[in-house]
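Student: Give me a 3D structure for the following:
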Amino acid sequence: MSPPRALDFTGDVAIVTGAGSRMDGEIGNGRATAILLARHGAKVALIDLNIDWAKETKRMIDEEGGISEVIQADVASDESCKNAVALTVQLWGAVHILVNIVGVGGAAGNATNVNMDDWERDLRINVTSMVLMSRYAIPEMLKQGRGSIVHLSSIGGLMGGSPGLLYPTTKGAVISMTRAMATQHGQ
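Tutor: Presented below is the predicted three-dimensional model:
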């Protein structure tokens, strides 16, 4: 008899935002997470604005015999997030895991010179997107009586010091938001 697997997501449905990767041959956090979830039995919705990047992740998962589907979505858009979760439920009937990884380095500059249009766009990608995806995934998890949400942040959110103001600010916000959401929705 073989020993039990340390990670067994058989029967679970996972959503991974930022499931593609910008560079050919690169793995990246989103792609790596999606591949590992599929490798350990989860059905994975691969969410990315760039459909070609997500298709490459799907190809890698398919090669290993995993199950995944590409869903193109702009996670900075409420309607797009709602549709991504709805499509996942339509495909597999549930959502058990949400991994919010998508993020950008963001607007360059400090408080005196950052372009505020870029700031608002990138804040929406790095922080608001996690609220939007969670907004639609949590009710689906409650229907199943269980669920897990993972938000990827960075040591930059604790230490600051990045050349730009946006990245450490948003990563710090993700840490605080995750703690608040755990208090509000966790068991």
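
Student: Could you use CA atoms for every contact and neighbour count after this?
Tutor: Noted.

Student: OK, contacts around the residue minimising distance to the centre of the chain?
Tutor: Taking CA atoms, centre = their mean as the criterion, Asn100 is the residue nearest the geometric centre of the chain, at 2.2 Å. Asn100 makes contact with 16-18, 130, 133, 149-152 under the criterion CA atoms under 8 Å, 6 or more residues apart in numbering.

Student: Can you point out the buried residues in the helix or strand of the chain with the lowest mean pLDDT?
Tutor: Of all the helices and strands that make up the chain, helix 156-159 has the lowest average by mean pLDDT, DSSP states H and E, namely a mean of 82. Along helix 156-159, the positions that meet the burial threshold by neighbour count (16 or more other CA atoms under 10 Å) are Gly157.

Student: now, the most widely separated pair of the contacts of Asn100?
Tutor: Within the contacts of Asn100, two members stand farthest from each other by CA to CA: Gly18 and Ile149, at 14.6 Å.

Student: which one of those two has more residues nearby?
Tutor: Gly18 (28 against 22; other CA atoms under 10 Å).

Student: Now do that one against Leu142, distance only.
Tutor: Gly18 is 24 Å from Leu142, where distance means CA to CA, to the nearest Å.

Student: same thing with Leu49?
Tutor: According to CA to CA, Leu49 stands 27 Å off from Leu142.

Student: Of those two, which one has the most company?
Tutor: Higher neighbour count among Leu49 and Leu142: Leu49, with 19 against 14, using other CA under 10 Å.

Student: check contacts around the more buried one.
Tutor: The contact partners of Leu49, taken as CA under 8 Å, 6+ apart, are 18, 72-75.

Student: What of Thr33?
Tutor: If a contact means CA under 8 Å, 6+ apart, then Thr33 has 16, 19 as its contacts.

Student: The same query, at a cut-off of 7 Å, please.
Tutor: Taking CA atoms under 7 Å, 6 or more residues apart in numbering as the criterion, Thr33 is in contact with no other residue.

Student: Can you tell me the element it falls in?
Tutor: Secondary structure from DSSP states H and E places Thr33 in helix 28-39.

Student: Which elements pack onto the longest helix seen in the chain?
Tutor: Ranked by number of residues, the top helix in the chain under DSSP state H is helix 166-185. Using 3 or more CA pairs under 7 Å, 6 or more residues apart in numbering; DSSP states H and E as the contact definition, the elements that helix 166-185 packs against are helix 156-159.

Student: coming back round to it: please indicate which of the contacts of Asn100 has the highest neighbour count?
Tutor: Ranked by neighbour count (other CA under 10 Å), the contacts of Asn100 have Thr17 at the top, with 33 neighbours.
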